[in-house]
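Asker: what follows is a predicted protein model with its sequence.
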Amino acid sequence: MNLEFRTAGESHGKGILVFISGLPAGVSIDLSFIKQELARRRKGFGVSPRMHLEEDRIEVLGGLRWGKTLGSPLAFWVQNTEYDKWQPLMDPEGERPKDYEEVTIPRPGHADLSGLVKYRFKDIRNVIERASARETVGRCIAGAVAKLFLAPFGVRVGGFVESIGGIRVSLGEISWEEAFERALSSPLATVDREEEMKARIAQAMAEGDTLGGTFVVAALGVVPGVGSYVEVHKRLDSRLAFYLMGIPGIKGVEIGDGFRGAELSGSAVHDAIFYDARRSPFPFFRKTNRSGGIEGGVATGEVIWARCAMKPIPTLRRGLPSVDIVSKKEVVARYERSDVCAVPRALVVGEGMLAWVLADAYMEKFGGDTLEEALESFRAYCSYLESFKS
Ligand SMILES: Cc1cc2nc3c(=O)[nH]c(=O)nc-3n(C[C@H](O)[C@H](O)[C@H](O)COP(=O)(O)O)c2cc1C
């Protein structure tokens, strides 16, 4: 692991802190791009009203001078603009308000009950606050930084929502670039059938219910040979699965046609190898890409793509059966304002995590203290790839 990021902060606390280390000096960090990514994480249809109340006010605390990294750790701070309202409940230094009532009803599908047991808490709010997906603001920032790092290497990361509540789109003849563009201009970050998806979400909303779905993330322009088969933590697929599965609500991850491939025979799954000297930098290529651009944990040079399945949001307005941990009475789980469907929002985090894994793997392969050193090593590697033509 060459790059590392850590986050701190609670959902209704003062804010979220992100600490990123391992980047070389000289990487251009455009704060307006990071803000755009955060804005994408907030949008959607069927998104909690909280998303409209809160704005992600981001500040750089270290590691950057005049828009370029210094090689030192980067630190970002995202202030919670609603903190004033929450201060009595969340003050790190204050005392418990006299009239404060502990949260004692765990919501099924959340970390509420298992987190309470694990940390021997009496108040479920201690769990809710950190287990909340608010923390993914930090992962989004790390992902946006990774996208900016990868840009000079010609790598572009994007994605699209593939299904919501069983309404599914397929890429068909659409190129990856076009899919990325369509998703960027769609409120549901999808490429087709948006009105049907909206109607499905509106229906769930009216019923006090929630929805999940799937999204696809992809990276274009990744050179072959990034990642490795030599050890588990060097494999691109294992690293990708780790970061994608870690996104709250994600319950399934597949690289390429993973699950579908399990139902087919080898001849229908593996991507045959072709050669064309006009291709640059690497003349070997595939006409299909069912492997998701990774074989043996190493990039093949084709588009790297993965699919994630997100479960329906576990906070339902109509409530789910639960038990009060104090009275032991059967009750309906509490409702705190919540998304009805967060698949488009999770997509942005997923793209960020794909970018993060690739940025880490690029630093591993090309390295250096400065971006220019890494690019020099990258250019030399591209010349080597060209040499397969002779
Ligand atoms: C971007 C994003 C937004 C989410 N919004 C909500 C929400 O508003 N309400 C909710 O109950 N869960 C939401 N979730 C999902 C929960 O955070 C998640 O299901 C919960 O923490 C339990 O974790 P697990 O599903 O990974 O087991 C969201 C997840 C993501 C990635």
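Answerer: Good, I have the coordinates.

Asker: distance of the closest residue to residue 375 other than its chain neighbours relative to the ligand?
Answerer: Closest residue to residue 375 apart from its sequence neighbours, by CB to CB, 6 or more residues apart in numbering: residue 152 at 6.1 Å. (C-beta placed from N, C-alpha, C; glycine too.) To the ligand, residue 152 is 29 Å away according to CB to the nearest ligand atom, to the nearest Å.

Asker: ramachandran angles for residue 136?
Answerer: Note on residue 136: its backbone torsions stand at phi -70, psi -10 [degrees, to the nearest 10].

Asker: coming back round to it: distance of the residue nearest to residue 375 from residue 221?
Answerer: Residue 152 sits at a distance of 11 Å from residue 221 (criterion: CB to CB, to the nearest Å).

Asker: what's the burial count for the residue nearest to residue 375?
Answerer: 15 (other CB atoms under 10 Å).

Asker: try the one 10 residues further on
Answerer: Residues lying near residue 162 (other CB under 10 Å) number 24.

Asker: what is the mean pLDDT for stretch 69-84?
Answerer: For stretch 69-84, mean pLDDT rounds to 96.

Asker: for that stretch, the distance to its chain's centre please.
Answerer: 18 Å (CA atoms, centre = their mean, to the nearest Å).

Asker: list the buried ones in it?
Answerer: 69-71, 73-80 (16 or more other CB atoms under 10 Å).

Asker: so how far is the first residue of it from its last?
Answerer: One end of stretch 69-84 to the other measures 33 Å (CA to CA, to the nearest Å).

Asker: so which of the buried residues of stretch 69-84 is the closest to the ligand?
Answerer: residue 78 (14.2 Å; CB to the nearest ligand atom).

Asker: can you list the strands that the helix or strand harbouring residue 322 pairs with?
Answerer: Assessed by DSSP states H and E, residue 322 sits inside strand 321-323. Sheet pairing of strand 321-323 (DSSP bridges) gives strand 330-332 (antiparallel).

Asker: how far off centre is the strand it pairs with?
Answerer: 34 Å.

Asker: repeat for stretch 76-87
Answerer: Distance, stretch centre to chain centre, for stretch 76-87: 23 Å (CA atoms, centre = their mean).

Asker: show me the contact partners of it.
Answerer: 9, 12-18, 20, 34, 38, 50, 53-61, 90, 94, 137-138, 141 (CB atoms under 8 Å, 6 or more residues apart in numbering).

Asker: also within reach of the ligand: list those from these.
Answerer: With CB under 6 Å from any ligand atom as the criterion, the contacts of stretch 76-87 include none near the ligand.

Asker: ok so, going back, now check the strand holding residue 322, is it near the ligand?
Answerer: No - using CB under 6 Å from any ligand atom, strand 321-323 stays clear of the ligand, with a minimum separation of 13.5 Å.

Asker: repeat that for stretch 247-254.
Answerer: Yes - residues of stretch 247-254 are located near the ligand by CB under 6 Å from any ligand atom, namely 247-249.

Asker: the residue nearest to residue 375 contacts residue 372, correct?
Answerer: No - if you go by CB atoms under 8 Å, residue 152 and residue 372 don't touch, sitting 9.5 Å apart.

Asker: which positions in the strand holding residue 322 come out as buried?
Answerer: Along strand 321-323, these residues count as buried under the neighbour rule (16+ other CB under 10 Å): residue 322.

Asker: quick one on the thing from earlier: now do the residue nearest to residue 375, the pLDDT please.
Answerer: Reading off the model, residue 152 has pLDDT 98.

Asker: what of residue 334?
Answerer: 80.

Asker: now it. Nearest residue, chain neighbours left out?
Answerer: Closest residue to residue 334 apart from its sequence neighbours, by CB to CB, 6+ apart: residue 105 at 5.2 Å.

Asker: most neighbours, which of the residues of stretch 247-254 next to the ligand?
Answerer: residue 249 (21 neighbours).

Asker: just the CA atoms of stretch 335-353, as CSV, please.
Answerer: Output in CSV follows, covering the C-alpha atoms of stretch 335-353 (Å, rounded to 0.1, in the frame of the first residue of the first chain):
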residue,chain,number,x,y,z
TYR,A,335,-37.4,6.9,11.5
GLU,A,336,-34.8,9.7,11.1
ARG,A,337,-35.0,11.6,7.8
SER,A,338,-33.4,9.4,5.3
ASP,A,339,-32.9,8.6,1.6
VAL,A,340,-35.4,6.4,-0.2
CYS,A,341,-32.8,5.3,-2.7
ALA,A,342,-29.1,6.2,-2.5
VAL,A,343,-27.7,4.2,-5.5
PRO,A,344,-26.7,7.3,-7.5
ARG,A,345,-25.0,8.7,-4.5
ALA,A,346,-23.1,5.5,-3.7
LEU,A,347,-22.0,5.4,-7.4
VAL,A,348,-19.8,8.5,-6.8
VAL,A,349,-18.2,6.8,-3.8
GLY,A,350,-17.7,3.7,-5.9
GLU,A,351,-16.0,5.6,-8.7
GLY,A,352,-13.8,7.3,-6.1
MET,A,353,-12.8,3.9,-4.6
